[in-house]
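Asks: coordinates for the following, if possible.
(one chain, ligands or ions: 1)
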Amino acid sequence: MAALRTLAFLALIAFVSSSETSDCSYSDLLNHLDLTTSNNLLAVMRPVKNWTTPTLVKMDMVLYGILGVDEKSQTVTSHIWIQMRWTNEFLTWNSSDFCGINVLTIPRSWLWIPDVDIQEDASDTGSIVKSPFVSLSADGTVLSNARQRLTSTCQLNLNLFPFDSQNCTITFTSMNSDVATIVLGTLRSDTILTEISELIMVTKGEWQLEQMEIITFSLPGETWQSKVTYIVTISRKPLLYVINFIVPLLYFLVLDLASFFINEARGEKLSFKVTVLLSISVLLLILKDMLPSTEDKLPMIATYCAVIFALVGLSVLEAMLVSFLIDLDGYCGMKSQRSVKAQVDIQLQVDSHTDPAGAEETPEKNNIPLDLPKGPNLLKQILEEVKAARQEAEGQDKDKRKPGRYLRVAKIIDSVFFTFYFVAVVVFVTYMNVVWILQIE
Ligand SMILES: *[C@@H]1O[C@H](CO)[C@@H](O)[C@H](O)[C@H]1NC(C)=O
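Replies: From the prediction side, this is the model:
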């Protein structure tokens, strides 16, 4: 009797526990799918019933942020979200048999996952974060999510820097499976993905997402591996560079142009020009930090800087030449003045040498000052003195003109150079404007 009671009790427990398992938890479903423990076969086998059927992996990539563009190493760092969807033909159920359960999450490691990777990826693997679970739908669709801080290589074209826009490709492909095994496709269209990316993007830095374009290569025979390529077009926001770089350079050029009106005499002009040149070379140093030296063709901004530097350098040289000529002029002036003095001294000496003869006569004249025959003699003497005075004055005139010659040359050089310089600056600025604006559009 006791044994019978125990048996009944056990039967009751069995009934209760069986009724517990048939309530609406996931366990029945997991039992049905044989997923109570990790099933090795499901993890290694591509989930198709006929091996000739390729697995279609549909994917989406959304750009969460553009973290930076490194012009020197030609890489773009971005934050992306990747969603992949494919069908597991073995894991299907009828949701009405299991209390309407239609989505199940199971550990990622229990299932076969397509080995889709990014070709341009140059980041360390630690930056990939994959969800430990994948979700499984009643029709066998597996959904896997991952996010990644992606550093991708990208051929940057810096010719128009800082008005440039870059096309960077992000190519997804299976590392080991050919196009007959895994076919990659897309879930949503590129316009929708661009809109989503623009909506959710938080960090953009100095970049603006223009558009994302998707190209798929998945025809057998056309390629060995199936590929999905996202062409991401981003454009730089140039305002900071314009304010910080292009406008100051232009301003320095204008300052240098204006410095032609500074008075030459005090030597301030030269030192001002050298200061302008130094300021430009500081900006050149900053430019060197921004742009890679690997460019075959010089970016236009480098040409812009180099030409401005050369123009200002040339004008410093010219200012040196002019100041040298003025100094030379002053030196010659002093020398010729000295020679004039010497001439005057000699004349005076000659006068005093000739004087004694006259002096012998003059006492007699002085004695008889109103003698008529002495009249022409006196006139002669006055004439000679006037002549001497005139000669002296003419000599001084000549000597004055002689030192002025260098000054005149300096002035001519200065005005010719200024004209040339002004024309060069106007032509250069117009040319840069036209070319830059034409290329941007
Ligand atoms: C597998 O698929 C191939 C091609 O679709 C077909 O020819 C073959 O009959 C299939 N095999 C089975 C067992 O269904």
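
Asks: in this protein, which spans are helices?
Replies: Applying DSSP state H to the chain gives helices spanning 2-21, 27-32, 40-44, 190-200, 239-241, 247-258, 268-290, 300-367, 374-440.

Asks: quick one: closest of those to residue 83.
Replies: Smallest distance to residue 83 across the helices of the chain (CB to CB): 10.6 Å, for helix 190-200. Where you see a C-beta, it was placed from the backbone N, CA and C, and this is true even at glycine.

Asks: what residues sit buried inside that closest one?
Replies: By neighbour count on 16 or more other CB atoms under 10 Å, the buried set for helix 190-200 is 193, 194, 196, 197.

Asks: so what's the first one up against?
Replies: Okay, so that is residue 193. Applying CB atoms under 8 Å, 6 or more residues apart in numbering to residue 193 gives the contacts 60, 61, 62, 212, 214.

Asks: only the buried subset of the residues you listed, as a ChimeraX command please.
Replies: ChimeraX command restricting the contacts of residue 193 to the buried ones, with burial defined by 16+ other CB under 10 Å:
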select :60,61,62,212,214
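
Asks: worst average pLDDT in the helices of the chain?
Replies: Comparing mean pLDDT across those, the weakest is helix 2-21, with a mean of 50.

Asks: now residue 78, which residues is it bridged with?
Replies: residue 66, residue 150 (DSSP bridges).

Asks: so the nearest residue to residue 83 once chain neighbours are set aside versus residue 247, what's the distance?
Replies: Using CB to CB, 6 or more residues apart in numbering and skipping the chain neighbours, the partner closest in space to residue 83 is residue 60 (4.6 Å). Going from residue 60 to residue 247 by CB to CB, to the nearest Å gives 43 Å.

Asks: among the helices of the chain, which is nearest residue 219?
Replies: Closest among the helices of the chain, using CB to CB: helix 190-200, at 19.2 Å.

Asks: pLDDT value on residue 294, please?
Replies: 65.

Asks: now residue 317: how far from residue 105?
Replies: Following CB to CB, the distance that separates residue 317 from residue 105 is 76 Å.

Asks: let me fix that, I meant to ask about residue 168.
Replies: Distance from residue 168 to residue 105, by CB to CB: 34 Å.

Asks: compare those two (neighbour count), which wins?
Replies: residue 168 (21 against 13; other CB atoms under 10 Å).

Asks: follow-up on the earlier one: of the buried residues of helix 190-200, which pair is most distant in space?
Replies: 194 and 196 (7.4 Å).

Asks: what sits against the closest residue to residue 182 other than its chain neighbours?
Replies: Spatial nearest neighbour of residue 182, excluding adjacent residues (CB to CB, 6+ apart): residue 174 at 4.6 Å. Contact analysis of residue 174 by CB under 8 Å, 6+ apart lists 114, 115, 116, 117, 181, 182, 184, 225, 226.

Asks: try it again with 7 Å
Replies: 114, 115, 116, 182, 225, 226 (CB atoms under 7 Å, 6 or more residues apart in numbering).

Asks: just list whatever residues bridge to it.
Replies: residue 116.

Asks: rewinding a little: out of the contacts of residue 193, which are inside strands?
Replies: Among the contacts of residue 193, the residues falling in strands (DSSP state E) are 60, 61, 62, 212, 214.

Asks: from residue 105, how far off is the third one?
Replies: As judged by CB to CB, residue 62 and residue 105 stand 21 Å apart.

Asks: what's the local residue count around residue 250?
Replies: Quick note: residue 250 (other CB under 10 Å) scores 15 neighbours.

Asks: to clarify, my last question referred to residue 240.
Replies: Residues contacting residue 240 under the criterion other CB under 10 Å number 11.

Asks: and if you look at residue 441?
Replies: Burial measure for residue 441: 5 neighbouring residues, criterion other CB under 10 Å.
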